[in-house]
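Peer 1: Pasted the sequence and its predicted model underneath.
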2 protein chains.
Amino acid sequence: MSTLDSPYHHGDLRAALLDQADALLDAGGDGAVSLREVARAAGVSATAAYRHFADKESLLAALAARHYAEFGQILAGAPLAEMGRAYIRFALARPGRFRLMFGPLLAHAGAHPDLAAASGAAFAALSAAAPSPDDALRAWGLVHGLAHLLLDGAVRPPDVDALVARLIA
Amino acid sequence: MSTLDSPYHHGDLRAALLDQADALLDAGGDGAVSLREVARAAGVSATAAYRHFADKESLLAALAARHYAEFGQILAGAPLAEMGRAYIRFALARPGRFRLMFGPLLAHAGAHPDLAAASGAAFAALSAAAPSPDDALRAWGLVHGLAHLLLDGAVRPPDVDALVARLIA
């Protein structure tokens, strides 16, 4: 049933740790996530958590991979402009997830096969919808930049949805 | 000549504090800047520093205003594509300044007249070079997003300059 220091089945604990990491991420960004805190929130020892994730980066990579899989389903088969609007909606609704998935962690995706596969699938969906690799990168740059400018409040339009619909048509 | 707790003339101390803030910003981002640390680096008391800047945000706003003035000279009269390439070169060469000038602080520019004037002049130069306000915002979004993706290592081309020249033509 359970080990002495954990009320969870093995696979269930992994999912529970990711759920707790998600809650911390949504509340305070990736700076608020630590394996120790995630273990505490799930009601297990840090040792039990370390059986599933070698370090904080591995935990964040698994979390990002989970969200890329969900996000990939939003993108799949959508036209390029709809993908772009979905990207900005996602960033504004879930800034912690957005900054995690599309920030510095991506530079380390090579060390995390699940994240490499899940993010690769999302970028393949983007590439398939764009006329060329350069167009895909331009489209990504545009929505990534607008998402940051809107999130940071550098651009504060009276109607965000109307602006995004107009800029990404 | 000088007050008891400061070896500087009044205006010189302000400039010296900004110089020290700049060094801290370049080394560690705006999280590394504090009025206390800036005063220490300039060799004056925190009390002396507070005579020039009410709080950390005021110090950062004055620093950003100084950099906007320099940056505005780069932009003035340049064609839109050249502005865009200059923006990305600036971001990659000076990430701390870039994140300060074009990050969350901009949302508070209204409280800092120097920053509002200097950033307003830079955005006026951008607007003058773009066919419409929406085009200006699209151009800003594109270069802002590419700058972040390159800075974070999410996009790692073999030749950054060649990529930027191709994407912003």
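Peer 2: Perfect, thanks for sending it. Only a predicted model underlies this, so the values are computations on that prediction, with no experimental measurement involved.
Peer 1: Give me the spatial nearest neighbour of the most centrally placed residue in chain A, chain neighbours excluded.
Peer 2: Among the residues of chain A, the one closest to the centroid is A:Met101, at 3.4 Å (C-alpha atoms, centre = their mean). Nearest non-adjacent residue to A:Met101, counting by C-beta to C-beta, 6 or more residues apart in numbering or on different chains: A:Ala64, 4.9 Å away. (Glycine included, C-beta is placed from N, CA and C.)
Peer 1: what comes up buried for the helix or strand harbouring that neighbour?
Peer 2: With elements taken from DSSP states H and E, the one containing A:Ala64 is helix A:56-75. The neighbour-count check on helix A:56-75 (16 or more other C-beta atoms under 10 Å in any protein chain shown) flags A:58-68, A:71-72, A:74-75 as buried.
Peer 1: Pull the contacting residues for the residue nearest to the centre of chain A.
Peer 2: Listed by C-beta atoms under 8 Å, 6 or more residues apart in numbering or on different chains, the contact partners of A:Met101 are A:64, A:67-68, A:71, A:119.
Peer 1: before we move on, back to that, who does the helix holding A:Ala64 touch, helix- and strand-wise?
Peer 2: helix A:10-28, helix A:35-42, helix A:80-93, helix A:95-101, helix A:113-129 (3 or more C-beta pairs under 8 Å, 6 or more residues apart in numbering or on different chains; DSSP states H and E).
Peer 1: now these in TSV, with distance to A:Leu142 and mean pLDDT?
Peer 2: Shown next, in TSV, are those (distance: least, C-beta to C-beta, whole Å; pLDDT from 0 to 100):
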stretch	distance to A:Leu142	mean pLDDT
helix A:10-28	25	91
helix A:35-42	35	96
helix A:80-93	7	96
helix A:95-101	15	95
helix A:113-129	12	94
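Peer 1: How about the residues of chain A by chain B?
Peer 2: A:102-104, A:106-107, A:134, A:137-138, A:140-149, A:152-156, A:163, A:166-167 (C-beta under 8 Å from any C-beta of the partner chain).
Peer 1: how about the closest residue to A:Asp22 other than its chain neighbours, what does it touch?
Peer 2: Sequence neighbours aside, A:Leu63 is the residue nearest to A:Asp22 in space, at 6.3 Å (criterion: C-beta to C-beta, 6+ apart). When contacts are counted by C-beta under 8 Å, 6+ apart, A:Leu63 touches A:18, A:21-22, A:25, A:100.
Peer 1: Show the buried residues in those residues.
Peer 2: The buried subset of these - by 16+ other C-beta under 10 Å - is A:18, A:21-22, A:25, A:100.
Peer 1: any idea which of the residues you listed is closest to B:Tyr8?
Peer 2: Taking C-beta to C-beta as the measure, B:Tyr8 sits nearest to A:Leu100 out of the buried ones among the contacts of A:Leu63, at 44.2 Å.
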